[in-house]
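Participant: Show me the folded form of this:
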Amino acid sequence: HSVVRNALFCLETAADEKENHVYTKALMAYAFALAGKEEKRKALLGSLEKEAVKKHGSVHWQRPGKEPEVDLPYYRYRAPSAEVEMTAYVLLAHLTTQPAPSQEELSLASLIAKWISGQQNPNGGFSSTQ
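Facilitator: Here you go, the predicted model:
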(Lines give C-alpha, C1' and ligand atoms only; values in the text may rest on other atoms or scores of the structure.)
Protein backbone atom coordinates (compact mmCIF):
# COMPACT_ATOMS: atom_id res chain seq x y z
CA HIS A 1 0.00 0.00 0.00
CA SER A 2 1.30 3.47 -0.85
CA VAL A 3 0.79 4.86 2.66
CA VAL A 4 2.87 2.05 4.20
CA ARG A 5 5.50 2.39 1.47
CA ASN A 6 5.77 6.16 2.11
CA ALA A 7 5.95 5.61 5.87
CA LEU A 8 8.76 3.07 5.44
CA PHE A 9 10.61 5.49 3.16
CA CYS A 10 10.30 8.17 5.86
CA LEU A 11 11.64 5.73 8.50
CA GLU A 12 14.51 4.65 6.24
CA THR A 13 15.50 8.29 5.74
CA ALA A 14 15.32 8.95 9.49
CA ALA A 15 17.31 5.80 10.29
CA ASP A 16 20.25 7.12 8.28
CA GLU A 17 20.59 10.21 10.49
CA LYS A 18 23.59 10.27 12.80
CA GLU A 19 21.87 11.51 15.95
CA ASN A 20 18.93 9.23 16.69
CA HIS A 21 17.80 8.79 20.28
CA VAL A 22 18.08 5.25 21.63
CA TYR A 23 14.29 5.03 22.07
CA THR A 24 13.81 6.05 18.42
CA LYS A 25 16.30 3.42 17.28
CA ALA A 26 14.49 0.75 19.28
CA LEU A 27 11.12 1.63 17.74
CA MET A 28 12.58 1.78 14.24
CA ALA A 29 14.35 -1.56 14.65
CA TYR A 30 11.04 -3.18 15.56
CA ALA A 31 9.20 -1.42 12.72
CA PHE A 32 11.79 -2.64 10.20
CA ALA A 33 11.55 -6.15 11.67
CA LEU A 34 7.79 -6.14 11.12
CA ALA A 35 8.25 -4.80 7.59
CA GLY A 36 10.82 -7.48 6.74
CA LYS A 37 13.59 -4.91 6.16
CA GLU A 38 16.34 -7.16 7.50
CA GLU A 39 19.34 -4.97 6.63
CA LYS A 40 17.89 -1.91 8.39
CA ARG A 41 16.84 -4.04 11.37
CA LYS A 42 20.35 -5.46 11.73
CA ALA A 43 22.01 -2.06 11.31
CA LEU A 44 19.87 -0.51 14.03
CA LEU A 45 20.35 -3.47 16.37
CA GLY A 46 24.11 -3.20 15.82
CA SER A 47 23.99 0.47 16.74
CA LEU A 48 21.83 -0.28 19.77
CA GLU A 49 24.21 -2.99 20.98
CA LYS A 50 26.94 -0.35 21.32
CA GLU A 51 24.67 1.58 23.69
CA ALA A 52 23.51 -1.41 25.75
CA VAL A 53 24.00 -1.54 29.49
CA LYS A 54 25.34 -4.98 30.36
CA LYS A 55 25.51 -5.87 34.03
CA HIS A 56 24.44 -8.56 36.47
CA GLY A 57 24.05 -11.04 33.59
CA SER A 58 21.40 -9.00 31.82
CA VAL A 59 21.14 -6.40 29.07
CA HIS A 60 19.01 -3.25 28.83
CA TRP A 61 18.96 0.26 27.42
CA GLN A 62 18.61 3.55 29.20
CA ARG A 63 18.24 7.18 28.28
CA PRO A 64 21.45 9.09 27.58
CA GLY A 65 22.65 11.32 30.41
CA LYS A 66 20.68 9.40 33.03
CA GLU A 67 21.99 9.60 36.56
CA PRO A 68 23.46 6.33 37.85
CA GLU A 69 21.34 4.05 40.00
CA VAL A 70 21.78 4.29 43.73
CA ASP A 71 22.75 0.95 45.24
CA LEU A 72 21.08 0.84 48.63
CA PRO A 73 20.49 -2.14 50.90
CA TYR A 74 16.89 -3.40 50.99
CA TYR A 75 15.99 -1.27 47.98
CA ARG A 76 15.38 -2.70 44.56
CA TYR A 77 15.73 -0.17 41.79
CA ARG A 78 13.07 -0.27 39.10
CA ALA A 79 13.75 1.48 35.82
CA PRO A 80 11.47 4.23 34.51
CA SER A 81 8.76 3.08 32.12
CA ALA A 82 10.51 4.53 29.04
CA GLU A 83 13.50 2.29 29.66
CA VAL A 84 11.34 -0.79 30.10
CA GLU A 85 9.49 0.07 26.89
CA MET A 86 12.56 0.68 24.74
CA THR A 87 14.24 -2.46 26.02
CA ALA A 88 11.08 -4.43 25.21
CA TYR A 89 11.07 -3.01 21.67
CA VAL A 90 14.67 -4.12 21.21
CA LEU A 91 13.68 -7.59 22.41
CA LEU A 92 10.81 -7.68 19.91
CA ALA A 93 13.14 -6.55 17.13
CA HIS A 94 15.51 -9.42 17.95
CA LEU A 95 12.74 -12.00 17.94
CA THR A 96 10.74 -10.71 14.95
CA THR A 97 12.80 -11.88 12.02
CA GLN A 98 12.44 -14.22 9.09
CA PRO A 99 13.77 -16.84 9.08
CA ALA A 100 13.81 -17.59 12.80
CA PRO A 101 16.26 -15.70 15.04
CA SER A 102 19.82 -17.01 15.14
CA GLN A 103 21.20 -18.72 18.23
CA GLU A 104 23.22 -15.56 18.95
CA GLU A 105 20.07 -13.42 18.83
CA LEU A 106 18.22 -15.86 21.07
CA SER A 107 21.07 -15.76 23.60
CA LEU A 108 20.98 -11.96 23.68
CA ALA A 109 17.17 -12.03 23.82
CA SER A 110 17.32 -14.19 26.95
CA LEU A 111 19.58 -11.62 28.66
CA ILE A 112 17.16 -8.84 27.69
CA ALA A 113 14.18 -10.86 28.94
CA LYS A 114 16.01 -11.44 32.23
CA TRP A 115 16.32 -7.68 32.78
CA ILE A 116 12.70 -7.03 31.79
CA SER A 117 11.40 -9.71 34.15
CA GLY A 118 13.46 -8.11 36.93
CA GLN A 119 11.48 -4.88 36.44
CA GLN A 120 8.18 -6.49 37.40
CA ASN A 121 6.49 -5.25 40.53
CA PRO A 122 5.35 -7.71 43.25
CA ASN A 123 1.99 -8.10 41.48
CA GLY A 124 3.64 -9.10 38.18
CA GLY A 125 2.97 -5.77 36.47
CA PHE A 126 5.30 -3.06 35.22
CA SER A 127 5.62 0.68 35.71
CA SER A 128 4.50 1.09 32.10
CA THR A 129 1.22 0.22 30.49
CA GLN A 130 2.86 -0.31 27.08
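
Participant: Only C-alpha atoms from now on, for both contacts and neighbour counts.
Facilitator: Fine.

Participant: low pLDDT regions in this protein?
Facilitator: 66-77, 128-130 (pLDDT under 70).

Participant: Please enumerate the strands of it.
Facilitator: For the chain, the strands defined by DSSP state E cover 53-55, 58-60.

Participant: Can you pull up the most central residue in this structure?
Facilitator: Centroid check for the chain by C-alpha atoms, centre = their mean gives Val90 as the closest residue, at 2.4 Å.

Participant: right, and it touches Tyr30 too?
Facilitator: Yes: with contact defined as C-alpha atoms under 8 Å, Val90 reaches Tyr30; the gap is 6.8 Å.

Participant: give the contact list for the residue nearest to the residue nearest to the centre of the chain when sequence neighbours are not counted.
Facilitator: Leaving out its chain neighbours, the residue that sits closest to Val90 by C-alpha to C-alpha, 6 or more residues apart in numbering is Ala26, at 5.2 Å. The contact partners of Ala26, taken as C-alpha atoms under 8 Å, 6 or more residues apart in numbering, are 44-45, 48, 86-87, 89-90, 93.

Participant: what's the spacing between Ala26 and Ser117?
Facilitator: Ala26 is 18 Å from Ser117, where distance means C-alpha to C-alpha, to the nearest Å.

Participant: What are the boundaries of the helices in this protein?
Facilitator: Taking DSSP state H as the criterion, the chain carries its helices at 2-15, 22-35, 38-50, 81-95, 103-118.

Participant: would TSV of these with distance to Arg63 be doable?
Facilitator: Output for the helices of the chain, formatted as TSV (distance: least, C-alpha to C-alpha, whole Å):
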stretch	distance to Arg63
helix 2-15	18
helix 22-35	7
helix 38-50	12
helix 81-95	7
helix 103-118	16
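
Participant: so which of these comes closest to Pro64?
Facilitator: Evaluated with C-alpha to C-alpha, the helices of the chain place helix 22-35 nearest to Pro64, the distance being 7.8 Å.

Participant: Next, the buried residues of that closest one.
Facilitator: 22-23, 25-34 (16 or more other C-alpha atoms under 10 Å).
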